[in-house]
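Asker: Give the three-dimensional model of this entry:
(one chain, ligands or ions: 1)
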Amino acid sequence: MTRLAVLIYGVIAYALFFVTFLYAIGFVGNYVVPKSIDSGATAPFTISLVVNLALMSLFAIQHSVMARPGFKRWWTRIVPPSMERSTYVLLSSLVLALLFWLWRPMPGVVWQVEGVAAMALTALFFLGWGVVLINSYAIDHFELFGLRQVFDFFRGRSFEPPGFKENLLYKLVRHPLMLGFIIAFWATPVMSVGHLLFAVVTTAYILVALQFEERDLIGYLGGRYRDYQQRVPMLIPFVKFPFGGGSSGGARERSGASSDTAAE
Ligand SMILES: C[S@@+](CC[C@H](N)C(=O)[O-])C[C@H]1O[C@@H](n2cnc3c(N)ncnc32)[C@H](O)[C@@H]1O
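Answerer: Model (predicted):
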């Protein structure tokens, strides 16, 4: 009974993630969804700025604090380990849904292009989301979003973290998912002030969050990850500068990395 309940919890968390992911595409690209980055009631500039910064900060804090190994050690004394990842995914989706709901549009066009340039930027936008989705399978999509953990628990099997991966785009950059997000957030034919704020803050957050993620990955993988840092650029294929990496890392070395053992 408990196993089934955990499985249902994980499936619901995954379903919510997937709906939120699809909504995010519509939100950022102003497609289909009832409330997008440039739609809804406007407010005075300062109010919109404060509300939007607060929403993005809430996501950043929830997403990064809950991903730290120290937090996970404490948290799994309260939440069963099999449900930890699903809970993380569930809360991330809820905070994102809050952001979509309460986001204040900020009118004013920063740039606008038409014709072939608009088509190219739209194609790049979808390419970015595609890069995110496809490369989530490269490091184990179902583990990343908690489904594998609840399935293993349901079957009475102990969960084995998938370990370090260097396939698909991970051969070219160390953080394809974040690269995909950055492309999707910046590639737009019409860049509003609100959209620009979103792109700037999320890109800055990604650059900071990756420092923590890499520090944790070095902590778990040690020399193996440092070697990866030396060989593979952080975000821009074939370009080591300015995000080349090669930072010094923690002392604890282990044989595998996963979203349960490392960090966002
Ligand atoms: C949301 S994913 C983002 C991964 C990566 N930062 C990216 O942008 O593609 C975060 C999880 O991926 C895991 N991860 C990062 N690089 C990895 C790799 N090369 N192999 C396996 N897992 C990795 C980390 O353990 C972390 O928990």
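
Asker: now the strands for the stretch 151-264 of the chain?
Answerer: Counting by DSSP state E, counting those that start in this stretch, the stretch 151-264 of the chain has strands at residues 190-192.

Asker: where does it dip in pLDDT?
Answerer: 241-264 (pLDDT under 70).

Asker: How about the contacts made by the nearest residue to Leu102 once chain neighbours are set aside?
Answerer: Once flanking residues are discounted, Leu102 sits nearest to Leu55: 5.9 Å by C-beta to C-beta, 6 or more residues apart in numbering. C-beta coordinates here come from the backbone N, C-alpha and C atoms, glycine included. Leu55 makes contact with 98-99, 102-103 under the criterion C-beta atoms under 8 Å, 6 or more residues apart in numbering.

Asker: and if you look at Leu177?
Answerer: If you count contacts by C-beta under 8 Å, 6+ apart, Leu177 has them with 131-132, 135-136.

Asker: So which of those are in strands?
Answerer: When the contacts of Leu177 are checked against strands (DSSP state E), there are no matches.

Asker: what number of residues lie near Ser86?
Answerer: By other C-beta atoms under 10 Å, 25 other residues sit near Ser86.

Asker: out of everything not next to it in sequence, what's closest to it?
Answerer: Gly146 (3.6 Å).

Asker: looking at it, the one you found is touching Gly10, isn't it?
Answerer: Yes. Judged on C-beta atoms under 8 Å, Gly146 makes contact with Gly10 at a distance of 5.3 Å.

Asker: Find the residues that touch each one of the two.
Answerer: Taking C-beta under 8 Å, 6+ apart as the contact criterion, the common neighbours of Gly146 and Gly10 are 83, 86.

Asker: Quick check: Ala187 vs the ligand, distance?
Answerer: Summarising the geometry, the distance separating Ala187 from the ligand, computed by C-beta to the nearest ligand atom, to the nearest Å, is 17 Å.

Asker: same deal with Met1?
Answerer: In this structure, Met1 and the ligand are separated by 30 Å, where distance is defined by C-beta to the nearest ligand atom.
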